[in-house]
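In: Build me a model from this:
(2 chains)
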Amino acid sequence: MKKIFLPLFSAALLLASCTKDDSGFDGPSLNDIYGDFSILDSLSASAATVDFSAGQQLTFSAEFSKNVNWKIAITGNTSGAVYTIEGFSRLIDATNAIWDGSATTLPMFRSEDCMAQLTIDGEDDTLTAPISVLGTKVITGLILSDFEGEFNPGWNTFVQSGADMSFLITDSDPAAQGSKYYDMGGTVDWDWLLGLIDIPGSAYGATTFALNNNPNNVYFNVMLSKIPGLNNGLVLFQFREDDNGDGVYTDGEEDLFSIEVALNNEDGWQLISSKYADMPTLLNGAPVDAIGNGIYEPEKLIQVSILMLANPVSGYAQAYMDLMLFTENQPFKP
Amino acid sequence: MKKITSTIFTGLILCSALTIQAQTEVKKFSLNGSARTLSFLDNLSQDVEVADTITAPKSLSSHTLVDLGMLIRPGDNIAIQSSVRIRNDFGGFWGSGVTFDVRELYVKGVVKDVVRYQVGDVHYKLTPYTFYNNDSELSNYTPGAFSHLLDQVSYDNFYLGDNTWRQQGAAVDFGVVFNKYVQEINWNVFTGRVAATNGGNQPERLFSAANMTLLQSKYLSLGVNYANFYDFPGTASTTEQYVNPVVTGNAQVAYTFGDIALTANGEMGKSHNEIKNDSLAPVLDGNFFDTKIEAKYTPWQLGIYIGMKSVGADFRSAGAQTKRINFDGTPAAYERITNDQILRETTMFDLLREADLYNLQLQNGLMAFDARYDNITPYGAASPNRQGFEVGLNWVGCKEAVKLNGSYLSQSEIRGQGTLNLRNFARMDANATIAINKLLKWKKSIELTAGMRSDNTSRDGEAGVPSVELQTDVLSLGFSANIVSDLDIVLGLQQHTYAGFEFVNQTDKYDQIINFTEYTVDGSQQMIGGGLRWNFSEKTYLMGQFNQFSQNNNLVDDVLPSYTINNFAFIYSMQF
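Out: Numbering: from 1, shown residues only, chains lettered A, B, ... in the order given. Take a look at the predicted model:
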């Protein structure tokens, strides 16, 4: 029996002396709450130049003495495009600070010099890192037009003979994507319609557009800009389906879905994205029953029309339009 | 093992009555219970610049209650106990202040003189890590003058002196005796209902426990214990199910070398805590061990012990970690004071006399605690995230006129909270009981008691993070003397001081720490009082006493002022 006590107690001592939990600590870090802030490693980009068109990405890195709320804002020197990354951490690295060339809001980045600025909540320090973008990110989807080249000869236009009519591709003001955009404006005091563009599928090599047949996977995207001081512009997008497959759209018999955008909110560029399956049938701006079979069939889309509208008594109206495209599975990310 | 010569029943609960029954004639029906009258007259005075014109300074409360129990024995091996409480708050008009409650109801018996059972209200416990009703903070430092009050609170909350939890369910005990290698093996099984389902998000919540104890000889005993606090699946529409099983093994070895008696015991085990089908709930698996070796030199009645323990940060055992005191509660007396009607904190004075501040049922998760009262063992022996050692000694001398105990405990956290730095805990504890009349060879009883506890919590700071340094001290002095006949005089002093800085955890519904609250204290509580007690018998007494409680707050920016409550208490207590 004597021999039992010593081993028993020795084992207890051994167990007690070596118990140590190395799994960190419970709860939030007190150092984050009370610790002094200092920058241990300044902001740096993984490369001075980046070509997003070649699939490259850029990562940022920095290190602080404690976890902080931080924000990196990358601004295009020419376009004014901005991409922001935010986080709460002590380390900024490839796990939380990657840039693939996207913009958080319009406009989109161009091939241009940019500046990344890192700011920290509650601290005065601002860290910067210059970046040169050699190529912009690749836009995937069925692009109807980015208005960078000539007007598509397969499109049809009608412009009223009003005053100060301007339906043209221009670079007078900053574009949302690239350098050019489509300017639609004028004064028509006898009709809501200022002008329109009909875009048939044939302009892209087939009677109908080459779209996925699942309307829940198809998104229509377009960039529109409201002109400062003008609140009367209405842009109506119409999507005509060839329900019966006869190669033409028959008024009053086949589906016509619409998106109506009233340009009466914030000035500047905005991205309009709509799931194909969510497009209503509109009559004078109000939803009504479908005209045709009522089935969303993107693969039967035969024509997209863009109508620039304004109340005839409201005077001059104007809107800019840029990159217009269909994407699959998700809205376009600029 | 092959020859099981006989089976016996070994009892835990109420066996004495039944065993006596076999030897003597026992009444088929008997009455038992208790009665008391309790009156308090309080007078509050506050240390405020502008007099409090809102709070009434004086308060009077009184009640009489009777717990009338009936013990019915319809057969030789069966007994039924029921108890009804009738309480009358003084001042009730035509019975409007009278309440009737069923306080106790159970049936117990023995099957074939082998298996004992009890159904209904059951008092039960296992080990300090599985199922154990830990003493409340400061209760062990309450001098006799005030323990009359605390006894009433404990009685109302079914806190017996044996650290059992009062549960409603069924218990079965049985054992077998062997004639070789092993003396006996005993089994205990219990299941109780903790909470009823609401049909929606709360299933039936049960607590089940089992124990097997193997007594090999007077030298060695081994035990296996299991406890589970769990939701019974299918009893509510929710699919979430809380489970908290704990499995432990314990052993005790005893041996005597001449005049030195050695005892070593230990327990170790693990716990699992999970809410099934709740993807956000963490799964906690913890373990612990606790060992202690004690040597006693019998000629001197001098004992010394040393213990080592480690309880993991994720160890959860609802049956052992549920606290008696509900620190989220507020006192009923002078709930709000000052012209700003500030909520008054629970004090040791309130804990002595307000039964509603205590908890009656097992709780999942770790209940809130007040670091001033106990920052080291807030959940008893099973307090998680503690490891360290304890040494102590005890001595009984001068023909048992003097009893001394002392201990020193040193522990630290196992896992940090908010930092990798670990808290360190130190506790010094000492108490003495001196029967002066025995020393002086007087016949009339004169007894002096003294106790102290000094706790320290510390943790190093780091850049910008303040260090933790909390010191709390408890001092207790008691004196009782028989004056004439059955009249005693009792005096008591209890003082509690606290100062320092600590972080208090804020937890979410899953018991995970989500933030910390700064906790700065600098003050003291003191209660001094005395009175006269007339003992009609060992179980019946009448007592009148005057107490003065004062709370001093030294923090200048604290909104709660220092205050004093003078209290006159009248107690008539009887058990029958």
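In: what's the longest helix in chain B?
Out: When chain B is parsed with DSSP state H, its longest helix is helix B:144-156.
In: Could you pick out the residues of the stretch 101-250 of chain B near chain A for me?
Out: Counting by C-beta under 8 Å from any C-beta of the partner chain, the residues of the stretch 101-250 of chain B lying close to chain A are residue B:219. From N, CA and C alone the C-beta is placed, and that goes for glycine too.
In: Quick check, the residue in the stretch 101-250 of chain B closest to chain A?
Out: residue B:219 (6.0 Å; C-beta to the nearest C-beta).
In: Correct me if wrong: that residue contacts residue B:255.
Out: Yes - at 5.9 Å, residue B:219 counts as touching residue B:255 under the criterion of C-beta atoms under 8 Å.
In: who has more neighbours, those two?
Out: Using other C-beta atoms under 10 Å in any protein chain shown as the criterion, residue B:219 and residue B:255 rank with residue B:255 on top: 16 against 12.
In: In stretch B:46-64, which residues are buried?
Out: Using 16 or more other C-beta atoms under 10 Å in any protein chain shown as the test for burial, stretch B:46-64 gives B:46, B:52, B:55, B:59, B:63, B:64.
In: can I get those in TSV with pLDDT?
Out: Output for these, formatted as TSV (pLDDT from 0 to 100):
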residue	pLDDT
B:46	93
B:52	90
B:55	91
B:59	92
B:63	91
B:64	92
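In: any idea which of these is closest to chain A?
Out: Nearest to chain A, judged by C-beta to the nearest C-beta, of the buried residues of stretch B:46-64 is residue B:46 at 34.9 Å.
In: since we're on residue 199, how many residues are nearby?
Out: Since no chain was named, I'll use chain A. Applying other C-beta under 10 Å, we find 21 residues neighbouring residue A:199.
In: my question was about chain B
Out: So residue B:199, with other C-beta under 10 Å, has 11 neighbours.
In: Wait, a strand at residue A:133?
Out: Yes - Residue A:133 sits within a strand when classified using DSSP: H, G, I helix; E, B strand; the rest coil.
In: Just to check, it is in contact with residue A:52?
Out: Yes - contact criterion C-beta under 8 Å: residue A:133 and residue A:52 qualify, at 6.7 Å.
In: out of those two, which sits in the more crowded spot?
Out: Neighbour count, other C-beta under 10 Å: between residue A:133 and residue A:52, residue A:133 has more, with 27 against 20.
In: per-residue confidence for the more buried one?
Out: You'll see residue A:133 listed with a pLDDT of 95.
In: list the contacts for the most centrally placed residue in chain B?
Out: Closest residue to the average C-alpha location of chain B: residue B:135 at 2.2 Å, with C-alpha atoms, centre = their mean. Residues near residue B:135 by C-beta atoms under 8 Å, 6 or more residues apart in numbering or on different chains: B:163, B:324, B:380.
In: What is the neighbour count of the residue lying closest to the first one once chain neighbours are set aside?
Out: Translated: residue B:163. Nearest residue to residue B:163 in three dimensions, chain neighbours excluded: residue B:133, at 4.7 Å (C-beta to C-beta, 6 or more residues apart in numbering or on different chains). By other C-beta under 10 Å, 26 other residues sit near residue B:133.
In: Over to residue B:127?
Out: Residue B:127: 24 surrounding residues under other C-beta under 10 Å.
In: Likewise for residue B:247?
Out: 17.
In: I'd assumed residue B:269 was in contact with it.
Out: Yes - taking C-beta under 8 Å as the definition, residue B:247 is a contact partner of residue B:269 at 5.3 Å.
In: Quick check: beta-bridge partners of residue B:224?
Out: Under DSSP bridges, the beta-bridge partners of residue B:224 are residue B:212, residue B:249.
In: surely it meets residue B:188?
Out: No - contact criterion C-beta under 8 Å: residue B:224 and residue B:188 do not qualify, at 11.1 Å.
In: where do the helices sit along chain B?
Out: Residue ranges of the helices in chain B, as given by DSSP H, are B:15-23, B:144-156, B:318-321, B:348-353, B:436-440.
In: Number of residues surrounding the one residue in the stretch 51-200 of chain A that gets nearest to chain B?
Out: Chain B sits closest to residue A:65 of the stretch 51-200 of chain A, with a gap of 7.5 Å, by C-beta to the nearest C-beta. By the criterion of other C-beta under 10 Å, residue A:65 has 16 neighbours.
In: Name the SS class of it, please.
Out: Three-state call for residue A:65 (three-state DSSP): strand.
In: just checking, residue A:192 touches residue A:309?
Out: Yes - in this structure, residue A:192 is within contact of residue A:309 by C-beta under 8 Å, at 4.7 Å.
In: So for these two, which residues contact both of them?
Out: Among the neighbours of residue A:192, those also in contact with residue A:309 (C-beta under 8 Å, 6+ apart) are residue A:234.
In: Compare neighbour counts for these two and give me the winner.
Out: Taking residue A:192 and residue A:309 together and counting by other C-beta under 10 Å, residue A:309 has the greater number of neighbours (23 against 17).
In: Run me through the strand neighbours of the lengthiest strand in chain B, direction for each.
Out: Secondary structure of chain B read by DSSP state E shows that its longest strand is strand B:513-537. The strands that strand B:513-537 pairs with in its sheet are strand B:487-507 (antiparallel), strand B:540-553 (antiparallel) (by DSSP bridges).
In: What helices and strands are in contact with the helix or strand that contains residue A:327?
Out: Here residue A:327 sits within strand A:317-328, counting by DSSP states H and E. Applying 3 or more C-beta pairs under 8 Å, 6 or more residues apart in numbering or on different chains; DSSP states H and E, we find strand A:317-328 packed against strand A:142-145, strand A:181-187, strand A:218-226, strand A:233-241, strand A:268-275, strand A:301-310.
In: mind listing what that strand pairs with, with the direction of each?
Out: For strand A:317-328, sheet partners with direction are given as strand A:142-145 (antiparallel), strand A:181-187 (antiparallel), strand A:218-226 (antiparallel), following DSSP bridges.
In: Which of the residues in stretch A:255-268 are classified as buried?
Out: Under the neighbour-count rule (16+ other C-beta under 10 Å), stretch A:255-268 has A:255, A:256, A:257, A:258, A:259, A:260, A:261, A:263, A:268 buried.
In: again but with stretch B:523-530, I slipped
Out: Across stretch B:523-530, burial judged by 16+ other C-beta under 10 Å covers B:523, B:524, B:525, B:526, B:527, B:528, B:529.
In: and which of those is nearest chain A?
Out: residue B:523 (24.6 Å).
In: mind checking how far the nearest residue to that closest one once chain neighbours are set aside is from residue B:372?
Out: Computed as C-beta to C-beta, 6+ apart, the closest residue to residue B:523 that is not its neighbour in sequence is residue B:553, at 4.5 Å. Applying C-beta to C-beta, to the nearest Å, the value for residue B:553 to residue B:372 is 12 Å.
In: what do you get for residue B:66?
Out: Residue B:66 sits 37 Å away from residue B:372 when distances are taken as C-beta to C-beta.
In: Looking at these two, which is more packed in?
Out: Neighbour tally, residue B:66 and residue B:372, criterion other C-beta under 10 Å: the higher count belongs to residue B:372, 25 against 17.
In: Now do the more buried one against chain A, distance only.
Out: 21 Å (C-beta to the nearest C-beta, to the nearest Å).
In: Who are the contact partners of residue 46?
Out: All of this refers to chain A. Residue A:46 is in contact with A:58, A:59, A:60, A:61, A:94, counting by C-beta under 8 Å, 6+ apart.
In: wait, I meant chain B there
Out: By C-beta under 8 Å, 6+ apart, residue B:46 lies in contact with B:52, B:55, B:337, B:338, B:561, B:562, B:563, B:564.
In: Burial check on residue A:220, number of neighbours?
Out: Counted by other C-beta under 10 Å, the residues lying close to residue A:220 total 28.
In: Would you confirm that it contacts residue A:277?
Out: No - the criterion here is C-beta under 8 Å, and residue A:220 misses it with residue A:277 at 11.0 Å.
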